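Asker: What shape does this take:
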Amino acid sequence: MEWNPQTLQFLSECFLHTLSPAPEPRRHAESSLDEASNRPNYGLAVLRLVAESSIDDQIRQAAAVNFKNHLRGRWSPAPSDDGGAPAVTPILDPEKEQIKSLIVPLMLSATPKIQSQLSEALAVIGKHDFPKSWPALLPELVSNLQKASQASDYTSINGILGTANSIFKKFRFQYKTNDLLLDLKYCLDNFAAPLLEIFLKTASLIDAAASSGGNAATLRPLFESQRLCCRIFFSLNFQELPEFFEDHMKEWMTEFRKYLTTSYPALEGSGNDGVAVVDELRAAVCENINLYMEKNEEEFQGYLNEFALAVWTLLGNVSQSSSRDQLAITAIKFLTTVSTSVHHTLFASEGVVPQICQCIVIPNVRLRDDDEELFEMNYIEFIRRDMEGSDLDTRRRIACELLKGIATHYGDVVRSIVSAQIPNLLSSFAANPAENWKDKDCAIYLVVSLATKKAGTSYVSTDLVDVQSFFESVIVPELQSPDVNGFPMLKAGALKFFTMFRSQISKQIALKFFPDLVRFLASESNVVHSYAASCIEKLLLVKDEVSRPRYTAGDINPIFPMLMNNLFSALKLPESEENQYVMKCIMRVLGVADISAEVARVCIEGLAFILGEVCKNPKNPIFNHYLFESVAILVKRASERDPSLVSVFEASLFPRLEIILSNDVTEFFPYTFQLLAQLVELNRPPIPPIYMQIFEILLSPDSWKRAPNVPALVRLLQAFLQKAPNEINQGDRLTKVLGIFDTLIQSSSTSEQGFYVLNTVIESLEYNVIQPYISHVWAALFRELQRRRTVKLIKSLLIFMSLFLIKHGPSNLVETMNLVQPNIFNVILSQFWIPNLKLITGSIELKLTAVASTRLICESPVLLDPAAAESWGKMVDSIVTLLSRPEQDRAEEEPDMPDITENVGYTATFVRLYNAGKKEEDPLKDIRDPREFFVASISRLSALSPGRYPKVINETVDPTNQAALLQLCNSYNLTIV
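Answerer: Numbering: from 1, shown residues only. Just a heads-up that it's a prediction; the model follows:
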């Protein structure tokens, strides 16, 4: 794309139209830009447009955003699924070099909004190129920083520091490697001294402005500069303590302490914005001293006492306003780190722990107006923080973490103080429940938050209270409250306690309150009916000591009709139409309860109606997943009891599934195909005609173009192959099925799915049906084997050959392979089968390949020929390795490239339905033990030619495996003669 007036006009108009409220010009402009982005020098042209001061700021800003996103996708695009060229056109090297030469000066001269976009774009480049492929960047930034510093140009200074902060962030998140440490050394050598210089210069400017009564406008950019310096300090010190920072620790720490202990009335008195600017710097300082406390404790200890006092004093002055949360949280985190360190004696002085409890913990655990507002206005976020543990960065949780930290060394002191505090809070509530309900909430929260979870289990315990008596005296009154809508936050706290300590509350007591849990499903509060649903769902997962479910169908049958009615009614309450906790509870209940035909009809109608509604605009992936799981478990369990219900389910589901397919609701395609597979499998042959119409759609190549659909389509195709083998053999259907197999195995991401199709063809169809096609199958497999010899492909090939041999005999296997290429069987045997047999994992796969390999050496003339003695012996060696050694000792998994996708909202991914899963079939049900089959087969074979096989074994089998073979023979009382 050439840079000329026409290009400038074209891009300007396009970016202008992307801002249009009218959809048509906006879509057209986006399409034009998308097309132009594939041309060389597109990114460079957009950057030049951003530099054109004559163009309207809004257009330039839109262009800057587009430029940043263009770089994200094309600077270093990921390869395609099959390892080939990237799916998008990458930016070429000459264009990259020009962009790198222009971006820094342009960023520094841009307006703040454009500057922030270009700074992010620069960070994208830096992520891939810095420092090795962009050695000029850091010297350029340092040079510009020094010029800006001399001119006290804090707009440019903060732009440069913001960029440096972005490119140095990698030192916080990447694993320590030699390459990373070399990059870090390069950055320290070039930037550590200039960073300290600007930090100290800005510090002196702040001191001068503060003492002379400088105004907020003067101080604001200076504080922002210091905050950025602190964040860069954090990045450069994250991996280890650099020598430069150790040498200059006093300068850094002196300023850090000053920001924690000095007040700045000009800023802090200028409203919330001013307070926020100071708090952000203080929070950054707290993160830095916390980092030193965690990683450089020895070097930092000389400063510890003064910082602990500074943070302690600061916390006493931080109000409960939510705008000050970040400072309070980082400050408390620092004290928590100190409490668990060797310097915990700071907390040993008399009165310190009670003071912490009274002045820091209780005030921060108590509910605030913001919490109440979140509870009422955004129940999903409230639950995410409160129930799902994402509240580590909330004051309530971090205050409890501080108590837990102190308890690691002063457990008895903490327990006695909190145990005494809880009755005080409950007494306050009892004196005036309407006024003091927050005290009771605080008591429940302390017990729940300070509970300890047994590693690897859901078992939770506490030393603060006796769980059973606390439940009966404090929680039960809330559960039995006749008004399900009164004091909803207290009800939520009680339900959370019940959920948390569900394993410790005896079945006899818990069952009494099942009807109350069902009542709370009708609460108007979204949090309360969500917690009630979650509590029921989690109770149904509790297992007794022998791993048997504690609650069974018999326990929920008495409340089942009312439970299902209230669950479905809860989904009609405002803002709970797609409540994932309620839907998950429906799924769990349907997995436990006895489902009569009448209940099944009501439930499928309810679920099908919801499915019809969410099809119109799918927006909650978790809710939708549990919805489809609920349908799958209902269909599965009800049909097992009463097969006649299959037609009822079809009548309810087909109209909705048809809407999904005809309206192209792509998010639901994988679920739809899995449900259809489940319904096909539940039908008895002959398959109803409507399914054969679906089968024709399934055979269309267009259906297979979307990668996320492939596993579900394969699952459906397998169901048809198993249930309608005769119909598959009509017309050109089998040709199309094998065409699908051929397409799938050509991509590494779908080759395994291709083998699933092929294996099901072999299992389900007669030999005379597949015989005309088998040469083409082998040719396709040999082609792929030549192209890429991955562990996954070789294992899949071994399993297929084993299945073919089991179904159609060794002779057919050898002959059909050799028809494609003379003597190819022996090549495959020696190069792939024998050396890779040990890699097979999975009990069914192990049995299949072991039995097939055994039959090969005992039945195939190719291997029984005395000339093939060496191959025979090597195969025995491989079979013994497979059968005698643990999986972890013999199977080396191929390190596949990780498939990293950002799973935000709806992404094109396949999600398996657990309750519609394919039942794994054992093709060798009559053979119980593959080891016994192997030894018995060799024993019988050796009896036909005494003396022949022990000699071969002695010459070709590894001594360790000879001993293992002898042990196997002794185990089954058999001999090889």
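
Asker: before we move on, which element is the nearest residue to K807 once chain neighbours are set aside in?
Answerer: Spatial nearest neighbour of K807, excluding adjacent residues (CB to CB, 6 or more residues apart in numbering): I762 at 5.6 Å. In short, each C-beta sits where N, CA and C put it, glycine included. Per DSSP states H and E: I762 is located in helix 751-764.

Asker: Give me the contacts around the following helix or strand past that helix.
Answerer: With elements assigned by DSSP H and E, the helix or strand that comes after helix 751-764 is helix 767-770. Residues from elsewhere that reach helix 767-770 (CB atoms under 8 Å, 6 or more residues apart in numbering): P725, N729, L734, V761, I762, K807, H808, N812.

Asker: ok, now with 7 Å
Answerer: N729, V761, H808, N812 (CB atoms under 7 Å, 6 or more residues apart in numbering).

Asker: Pull out the buried positions in it.
Answerer: For helix 767-770, burial by neighbour count (16 or more other CB atoms under 10 Å) applies to I770.

Asker: following that helix, which helix or strand comes up?
Answerer: Following helix 767-770 in sequence, per DSSP H and E, is helix 774-787.

Asker: so what does that next one touch, helix or strand wise?
Answerer: helix 733-745, helix 791-820 (3 or more CB pairs under 7 Å, 6 or more residues apart in numbering; DSSP states H and E).

Asker: Make a markdown table out of those helices and add mean pLDDT and distance to G213.
Answerer: Output for those, formatted as a markdown table (pLDDT from 0 to 100; distance: least, CB to CB, whole Å):
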| stretch | mean pLDDT | distance to G213 |
| --- | --- | --- |
| helix 733-745 | 94 | 75 |
| helix 791-820 | 95 | 72 |
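
Asker: any idea where the helices of the stretch 51-200 of the chain begin and end?
Answerer: Assignment of helices within the stretch 51-200 of the chain using DSSP state H, counting those that start in this stretch yields the ranges 57-74, 93-109, 112-129, 137-150, 154-168, 170-173, 178-211.

Asker: if we compare the ones you listed, which one ends up closest to L657?
Answerer: Among the helices of the stretch 51-200 of the chain, the nearest to L657 by CB to CB is helix 57-74 (34.8 Å).

Asker: need the longest helix for this protein.
Answerer: Assignment by DSSP state H gives helix 395-431 as the longest helix of the chain.

Asker: for it, which positions count as buried?
Answerer: Quick answer for helix 395-431 (16+ other CB under 10 Å): 395-407, 409-410, 413-415, 417-418, 421-422, 425-426, 428-429.

Asker: hang on, the earlier thing: could you give the mean pLDDT of the helix holding I762?
Answerer: For helix 751-764, the mean pLDDT works out to 94.

Asker: hmm, who's touching it?
Answerer: Under CB under 7 Å, 6+ apart, the answer for helix 751-764 is 710-711, 714, 717-718, 721-722, 725, 737, 740-741, 744-745, 770, 777, 792-793, 796, 800, 803-804, 807, 923.

Asker: quick one on the thing from earlier: tell me the most buried of the helices of the stretch 51-200 of the chain?
Answerer: helix 154-168 (a mean of 23; mean count of other CB atoms under 10 Å).

Asker: how far is it from where the chain is centred?
Answerer: 32 Å (CA atoms, centre = their mean, to the nearest Å).

Asker: List just the one of the helices of the stretch 51-200 of the chain that sits closest to A600.
Answerer: helix 57-74 (48.5 Å).

Asker: Determine the angle, from 0 to 180 degrees, between that closest one and helix 93-109.
Answerer: 140 degrees (axes from the mean of the first three to the mean of the last three CA atoms, to 10 degrees).

Asker: quick one: low-confidence ranges for this protein?
Answerer: 80-87, 388-392, 455-458, 891-910 (pLDDT under 70).

Asker: how about the strands of it, start to end?
Answerer: 452-453, 460-461 (DSSP state E).

Asker: and the ones you listed as TSV, adding distance to S971?
Answerer: What follows is the strands of the chain, written out as TSV (distance: least, CB to CB, whole Å):
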stretch	distance to S971
strand 452-453	44
strand 460-461	45
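
Asker: Most tightly packed of those strands?
Answerer: Mean neighbours per residue, mean count of other CB under 10 Å, is largest over the strands of the chain for strand 460-461, with a mean of 14.

Asker: Who are the packing partners of that one?
Answerer: Partner elements for strand 460-461 (3+ CB pairs under 7 Å, 6+ apart): none found.

Asker: heads up, I number from 21, so please use that
Answerer: In the new count, where the first residue is 21, that last one comes out as strand 480-481.

Asker: Note down every partner strand of it and its orientation.
Answerer: If you go by DSSP bridges, strand 480-481 pairs up with strand 472-473 (antiparallel).

Asker: Any chance you could list what contacts the partner strand?
Answerer: V480, S481.

Asker: Now do it: distance to the chain's middle.
Answerer: 24 Å.

Asker: again with stretch 395-408
Answerer: 20 Å.

Asker: got it, and stretch 631-647?
Answerer: Its chain's C-alpha centre and that of stretch 631-647 lie 20 Å apart, by CA atoms, centre = their mean.

Asker: Show me which positions of that stretch end up buried.
Answerer: In stretch 631-647, counting by 16+ other CB under 10 Å, buried: L631, V634, C635, P638, N640, P641, F643, N644, H645, Y646, L647.

Asker: List the residues that contact the last one.
Answerer: For L647, the residues meeting the contact criterion (CB under 7 Å, 6+ apart) are M603, L627, I630, L631, V634.

Asker: With the second one instead?
Answerer: For V634, the contacting residues are E598, N644, L647, taking CB under 7 Å, 6+ apart as the criterion.

Asker: Tabulate the residues you listed (TSV), appending distance to F30.
Answerer: Below are the contacts of V634 laid out as TSV (distance: CB to CB, whole Å):
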residue	distance to F30
E598	43
N644	42
L647	47
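
Asker: between those, which is nearest S664?
Answerer: Nearest to S664 among the contacts of V634 is L647, at 24.5 Å by CB to CB.

Asker: circling back to that earlier point, report the backbone C-alpha coordinates of the helix holding I782 in PDB.
Answerer: C-alpha atoms of helix 771-784 as PDB (Å, rounded to 0.1, in the frame of the first residue of the first chain):
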ATOM      1  CA  SER A 771      -6.100 -36.800  12.700                       C
ATOM      2  CA  GLU A 772      -7.200 -38.600  16.000                       C
ATOM      3  CA  GLN A 773     -10.900 -37.900  15.100                       C
ATOM      4  CA  GLY A 774     -10.200 -39.400  11.600                       C
ATOM      5  CA  PHE A 775      -9.100 -42.600  13.300                       C
ATOM      6  CA  TYR A 776     -12.200 -42.700  15.400                       C
ATOM      7  CA  VAL A 777     -14.300 -42.700  12.200                       C
ATOM      8  CA  LEU A 778     -12.100 -45.400  10.600                       C
ATOM      9  CA  ASN A 779     -12.100 -47.600  13.700                       C
ATOM     10  CA  THR A 780     -15.900 -47.400  13.900                       C
ATOM     11  CA  VAL A 781     -16.200 -48.400  10.200                       C
ATOM     12  CA  ILE A 782     -14.100 -51.500  10.900                       C
ATOM     13  CA  GLU A 783     -16.000 -52.400  14.000                       C
ATOM     14  CA  SER A 784     -19.500 -51.900  12.500                       C
END
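
Asker: How far off centre is it?
Answerer: Worked out by CA atoms, centre = their mean, helix 771-784 lies 30 Å from the chain centre.

Asker: And stretch 131-151, by the same measure?
Answerer: Its chain's C-alpha centre lies 27 Å from the corresponding centre of stretch 131-151 when counted by CA atoms, centre = their mean.
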